[in-house]
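Enquirer: Predicted model follows, preceded by the sequence.
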Amino acid sequence: MKRPMEGVRIVEVAQYTFVPASGGVLAEWGAEVIKVEHAVRGDAQRGLVKVLGLDVVPTTSFFPIMEGPNRGKRSVGIALEVPEGRALLDELIRSADVFVTNFLPNAREKLRINLDDVRAVNPDIIYVRGTGFGARGEDAGTGGYDSTAFWSRGGSADGVTPDDADRLASMPSGAYGDSIGGMTIAGGIAAALYARKATGEPTVVDVSLLGVGAWATQFSVNQALLVGGPLPKAKPPRHGSASNPLHGSFRTADGRWLTLAMLQPTKYWPEFCERMGRPDLMTDPRFAGDAILANGPEGGAVVAEIIGGITLAEWRERMRGAQGQWAAVQNAYEVGMDPALRENGLIAKVVDADGVERELVANPVQFDETPVESRRAPQFAEHTDDVLRELGKSEEEIIDLKIAGAVT
């Protein structure tokens, strides 16, 4: 199996999902990622008790909210506020290629993990900051979550919330922007490693949730900048679009939603009509040839009536092998069971700390058509002793560090 990051060592001083998710990706690509957690509390995300209305306190060793961003890492519990603990971090930094953090400026200053502090220990290290709103400007010291910096301030929330809505649309999944942002950071780290190999110079990598959010909505933002103001929120027809009856959302007889995106209606209309058993519509003067472009909403109503008369299973059977683009709207479990994901190795099997086989969504990047081998996330401070031994500490020294409160 190709693991292009084999031999790369990353030290992560970060919490929650946004920045840690980058380490989870890089671990699946072969990197060794050492997660430095608070010696008593661990990653603050371990303390969350409810997400998406569900209790997330684990009843087993498998804790999905931690497994996703922390797969494949090793965890050490170090008290960075204790001199002996901070000295241990320096030892880890000396042996690392990359240092990653999402701590706010005041915390970085207090713990002496700013760029100058880290580079004083290892001048060749790549330094990575994940922030809410960027490393410069008056918001540089302001914390942010993906619901605030990515979703709300980055434009997505406004883009999916109708003007007449009585509430703001929420993110479709927990850690939605965080997971996208973590993938972005992983790409930035890969580029920085390449640049260091090519030039010999280390890089500072900055990625903000706001920047990732603006990138995700760039099509609309770019258009708004071009016209010099907010874009109008045109209310689309209930079915179809203004010029295309085969574009939009439609509901089946058994209450399932379909999304059609057949962007060339003149091309796909005959196929649709044939497969739906309505060849008469191919010669209907409203929809024949280019006439269909002037009758999108009317054609959309016809499409809605046809789809509303069959089940999702019937639709799938009729459209099997069709050229037109469409998808069924899937819930989270259906996504996890999606045959295309499974056939392409994008649902990974992992064995949890209790020896039970579980499943996780794999990162979407594969090399040489080979699925990644994913490993479980570490238990809190699971690898402290092992890492200390690798640093040359004797058993007596490890005991002394624990007595001093420097490690867990």
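Expert: That came in fine, so what should we check first?
Enquirer: Can you read off the backbone torsions of the residue nearest to residue 236 when sequence neighbours are not counted?
Expert: Nearest non-adjacent residue to residue 236, counting by CB to CB, 6 or more residues apart in numbering: residue 248, 6.8 Å away. For every residue, glycine as well, the C-beta is placed using N, CA and C. When read as degrees, to the nearest 10, the backbone of residue 248 gives phi 130, psi -170.
Enquirer: In contact with residue 248, which residues?
Expert: By CB atoms under 8 Å, 6 or more residues apart in numbering, the contact list for residue 248 reads 236-237, 239-241, 259-260, 300.
Enquirer: Please, where are all the helices along the stretch 151-300 of the chain?
Expert: For the stretch 151-300 of the chain, the helices defined by DSSP state H, counting those that start in this stretch cover 156-160, 176-199, 209-216, 218-227, 265-275, 296-307.
Enquirer: how about the ones you listed, which one is nearest residue 40?
Expert: helix 176-199 (24.2 Å; CB to CB).
Enquirer: Packing partners of that closest one?
Expert: Applying 3 or more CB pairs under 8 Å, 6 or more residues apart in numbering; DSSP states H and E, we find helix 176-199 packed against helix 20-28, helix 64-70, strand 98-101, strand 126-131, strand 204-208, helix 209-216.
Enquirer: Can I get the first one in PDB? Just the C-alpha atoms.
Expert: Extracted C-alpha coordinates of helix 20-28, given in PDB (Å, rounded to 0.1, in the frame of the first residue of the first chain):
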ATOM      1  CA  PRO A  20      -6.900  17.600  14.600                       C
ATOM      2  CA  ALA A  21      -8.700  16.400  11.500                       C
ATOM      3  CA  SER A  22      -5.700  17.300   9.400                       C
ATOM      4  CA  GLY A  23      -3.600  14.900  11.500                       C
ATOM      5  CA  GLY A  24      -6.200  12.100  11.000                       C
ATOM      6  CA  VAL A  25      -5.900  12.500   7.300                       C
ATOM      7  CA  LEU A  26      -2.100  12.600   7.400                       C
ATOM      8  CA  ALA A  27      -2.000   9.600   9.600                       C
ATOM      9  CA  GLU A  28      -4.000   7.700   7.000                       C
END
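Enquirer: Wait, residue 210 touches residue 155, no?
Expert: No - using CB atoms under 8 Å, residue 210 is not in contact with residue 155, being 9.7 Å away.
Enquirer: quick one, which of the two is more surrounded?
Expert: More crowded of residue 210 and residue 155, by other CB atoms under 10 Å: residue 210, with 23 against 19.
Enquirer: Who are the contact partners of that one?
Expert: 132-134, 144, 149-150, 153-154.
Enquirer: Just give me the closest of those to residue 390.
Expert: Checking the contacts of residue 210 against residue 390 by CB to CB gives residue 132 as the nearest, at 34.1 Å.
Enquirer: Counting neighbours, what do you get for that closest one?
Expert: Neighbours around residue 132, by other CB under 10 Å: 23.
Enquirer: That one: what's its closest spatial neighbour, skipping adjacent residues?
Expert: The shortest distance from residue 132 to any non-neighbouring residue, by CB to CB, 6+ apart, is to residue 144 (2.4 Å).
Enquirer: just to revisit the earlier point, ranking the contacts of residue 210 by neighbours, who comes first?
Expert: residue 150 (31 neighbours).
Enquirer: Validate this expectation: that residue resides in a helix.
Expert: Yes - applying DSSP: H, G, I helix; E, B strand; the rest coil, one finds residue 150 inside a helix.
Enquirer: ok, it to residue 68 distance?
Expert: 16 Å (CB to CB, to the nearest Å).
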